[in-house]
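A.B. asks: got a structure for you, letters missing:
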């Protein structure tokens, strides 16, 4: 039986410190029909020299003459270079920890295609989150294949990791993947992709999502923060266009937005920037007066009070992190 081709795309920009581990983990897969595509967004570090050391024919290196930005550099290898039936995107600072990650997910697709769960558009496996000396692990009780609309409606309850999600390239191209230049553009794309078919929720941990200052810092541009809410609004419009229940979708949109407002507030408080905090409150009240009520959630009142009492803020952060992750929190 011929195995479908899989493309592991590795968009990278100035990540020479991590790129070798990402490439090694991709080339180290035991899956036989594989290509690894590095799309270098005009890095000015040693990225090119590191990649050029590889002699593996499965590895293809492309370099943008000019920097085109994060989202465009996710889009380009998918649309212009990848030849696989399935794609997994592995950012240059992430890596796979399981050598059978791809083979396992392809076998899962093959297994469920023979059952009553065909038309699988993506496999969502698990990843570990690593930051500083702290590690967060996630668990899923059991593997299942389920209708994508269920995944859509329950997105906030289902662990999702870009580096641990294998998806159908043709299905992604059909709906226009990575089309919005926003934060969380991958979530926007996968939310719409869910509505194209069935999804396998795998209980296998296959990757490490590495957090560091470059990807966890909260931008001080309030406009960009609120523009990024398109990752919720766009899938909502898309689902309406497909004829899904309007009341269900409105509840979903409201829940997703309120959850996002809450996360934005928490991250802004972590910045310890009072001007940014006030600007956020003003903009939220202007954009969504109903959504503004998340500010008055009891836990947020405590956060805001502690924001003005630094030692209390740090104590609460440490307590929450310990009980959530059973480890010491990373330094801010």
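C.D. replies: Happy to help now that I have it. What you see is a predicted model, and the numbers here were worked out from it, not measured in a lab. Numbering: from 1, shown residues only.

A.B. asks: could you use CA atoms for every contact and neighbour count after this?
C.D. replies: Fine.

A.B. asks: hey, where'd the helices end up in the stretch 101-250 of the chain?
C.D. replies: Under the criterion DSSP state H, counting those that start in this stretch, the stretch 101-250 of the chain contains helices at 101-113, 148-153, 169-175, 185-194, 213-216, 222-227, 230-241, 246-271.

A.B. asks: for residue 29, find the nearest of those.
C.D. replies: Taking CA to CA, helix 101-113 is the member of the helices of the stretch 101-250 of the chain nearest to residue 29, at 6.9 Å.

A.B. asks: and for that closest one, what's in contact with it?
C.D. replies: With CA atoms under 8 Å, 6 or more residues apart in numbering as the contact definition, helix 101-113 has outside contacts at 6, 29-31, 118-120, 123, 145, 166, 200, 206.

A.B. asks: one step back: out of the helices of the stretch 101-250 of the chain, which is closest to residue 80?
C.D. replies: Closest to residue 80 of these, according to CA to CA: helix 169-175, at 10.9 Å.

A.B. asks: need the contact partners of the closest one.
C.D. replies: Where contact means CA under 8 Å, 6+ apart, the residues beyond helix 169-175 that reach it are 78-79, 84-87, 121, 189, 192-193, 196.

A.B. asks: where is pLDDT lowest across the contacts of helix 101-113?
C.D. replies: By predicted confidence, the contacts of helix 101-113 are weakest at residue 118, whose pLDDT stands at 90.

A.B. asks: from residue 146, how far out is it?
C.D. replies: In this view, residue 118 and residue 146 are 10 Å apart by CA to CA, to the nearest Å.

A.B. asks: again, but for residue 107
C.D. replies: The span separating residue 107 from residue 146 equals 16 Å under the rule CA to CA.

A.B. asks: of those two, which one has the most company?
C.D. replies: With other CA atoms under 10 Å as the criterion, residue 107 and residue 146 differ in neighbour count, and residue 146 comes out ahead with 17 against 12.

A.B. asks: the domain parsing of the protein - what is it?
C.D. replies: Structurally, the chain divides into domains by automatic domain parsing as follows: 6-215, 218-325.

A.B. asks: mean pLDDT for these: which is lowest?
C.D. replies: Across these, the stretch with the lowest average pLDDT is domain 218-325; it has a mean of 85.

A.B. asks: report the contact partners of the residue sitting nearest the centre point of the chain.
C.D. replies: Against the mean C-alpha coordinate of the chain, by CA atoms, centre = their mean, the closest residue is residue 162 at 4.0 Å. For residue 162, the contact set (CA under 8 Å, 6+ apart) comprises 88-90, 186.

A.B. asks: on that earlier part again, how about the helices of the stretch 101-250 of the chain in JSON lines, adding distance to residue 67?
C.D. replies: Formatted as JSON lines, the entries for these read as follows, by distance: least, CA to CA, whole Å:
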{"stretch": "helix 101-113", "distance to residue 67": "30"}
{"stretch": "helix 148-153", "distance to residue 67": "33"}
{"stretch": "helix 169-175", "distance to residue 67": "23"}
{"stretch": "helix 185-194", "distance to residue 67": "18"}
{"stretch": "helix 213-216", "distance to residue 67": "17"}
{"stretch": "helix 222-227", "distance to residue 67": "20"}
{"stretch": "helix 230-241", "distance to residue 67": "23"}
{"stretch": "helix 246-271", "distance to residue 67": "28"}
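
A.B. asks: out of these, which comes closest to residue 291?
C.D. replies: Of all these, the one in closest proximity to residue 291, counting by CA to CA, is helix 246-271 (5.9 Å).

A.B. asks: buried ones in that closest one?
C.D. replies: 249, 252-253, 256-258, 260-262, 264-265, 268-271 (16 or more other CA atoms under 10 Å).

A.B. asks: which phi and psi does residue 69 have?
C.D. replies: Summarising the backbone geometry of residue 69 under the convention degrees, to the nearest 10, its torsions are phi 100, psi 160.

A.B. asks: and stretch 20-37, how far out from the chain middle?
C.D. replies: Between the centre of stretch 20-37 and the centre of its host chain there is 20 Å, according to CA atoms, centre = their mean, to the nearest Å.

A.B. asks: ok, now stretch 116-129?
C.D. replies: Between the centre of stretch 116-129 and the centre of its chain there are 14 Å (CA atoms, centre = their mean).
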